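# Would you be able to build a 3D model of this:
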Amino acid sequence: MNKNAASKVCLPTVLVVSNDQSILINAPSTIDSLNQVCIPILEATQVISWVQEHQPDLIILDVCWSEVINMQLNAALRLDWLTRNIPILVIASSDTQQCHSLAKLDYDACLVRPYEPEELAQTVFSLISNSACEMHSKIIY
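Okay, the predicted model is just below:
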């Protein structure tokens, strides 16, 4: 069996919802080995459709953008039976107004900028299901 073909099928998928595609640039190389998909926040419905169809292992939501869109997206993901169990990692700035809006969101983990790259990797791998991590470690390492 082709190792590359197996890794494309079995690697955990991380969806990054952000207008800034550099959100994972300084992440450790272990994150680079994951299947990463970046979708800019245009409309919550577009993101939800993608999530329903592709069922990523983790959603990273960058809340630097519109509070209304983030709240709509987060609420819709948690209410939909197809997406409610997908873990959500929120990335926020240290701005106090943004921290206030975080209290309204339902998420599994939160990182506040600036954060260490290792902290991002540790959080990502703690949120990805154990079976996905086991498959990942067997293929990559």
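
# A helix includes Gln52, no?
Yes: judged by DSSP: H, G, I helix; E, B strand; the rest coil, Gln52 forms part of a helix.

# tell me which strands and helices the lengthiest helix in the chain is in contact with?
With residue count as the measure and DSSP state H as the assignment, the chain has helix 67-79 as its longest helix. Helix 67-79 sits against helix 44-54, strand 58-62, helix 96-102, with contacts defined as 3 or more Cβ pairs under 8 Å, 6 or more residues apart in numbering; DSSP states H and E. Backbone N, C-alpha and C define where each C-beta goes, glycine included.

# what about this structure, any weak spots by pLDDT?
Counting by pLDDT under 70, the low-confidence segments of the chain come to 1-10, 21-26, 28, 30, 40-43, 64-69, 95-101, 129-141.

# swap the cut-off to 50 and go again
Residue ranges of the chain with pLDDT under 50: 1-9, 131, 133-141.

# Now do Ser29 against Val16, distance only.
With the distance defined as Cβ to Cβ, to the nearest Å, Ser29 ends up 17 Å from Val16.

# more crowded one of the two?
Counting neighbours by other Cβ atoms under 10 Å for Ser29 and for Val16 shows that Val16 has the greater number, 21 against 9.

# How about the secondary structure of the more buried one?
Secondary structure state of Val16, per three-state DSSP, is strand.

# Pretty sure it sits against Leu58.
No: here Val16 lies out of contact with Leu58, judged by Cβ atoms under 8 Å, at a distance of 9.3 Å.

# Output the strand or helix carrying Gln122 as PDB, nothing but the C-alphas.
Taking DSSP states H and E as the criterion, the element that holds Gln122 is helix 117-127. Only the C-alpha atoms of helix 117-127 are listed here, as PDB (Å, rounded to 0.1, in the frame of the first residue of the first chain):
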ATOM      1  CA  PRO A 117       3.700  27.100  19.400                       C
ATOM      2  CA  GLU A 118       4.100  24.100  21.600                       C
ATOM      3  CA  GLU A 119       1.000  25.200  23.500                       C
ATOM      4  CA  LEU A 120      -1.000  25.200  20.200                       C
ATOM      5  CA  ALA A 121       0.300  21.700  19.300                       C
ATOM      6  CA  GLN A 122      -0.500  20.300  22.700                       C
ATOM      7  CA  THR A 123      -4.000  21.800  22.700                       C
ATOM      8  CA  VAL A 124      -4.700  20.500  19.100                       C
ATOM      9  CA  PHE A 125      -3.600  17.000  19.900                       C
ATOM     10  CA  SER A 126      -5.500  16.900  23.100                       C
ATOM     11  CA  LEU A 127      -8.700  17.700  21.200                       C
END
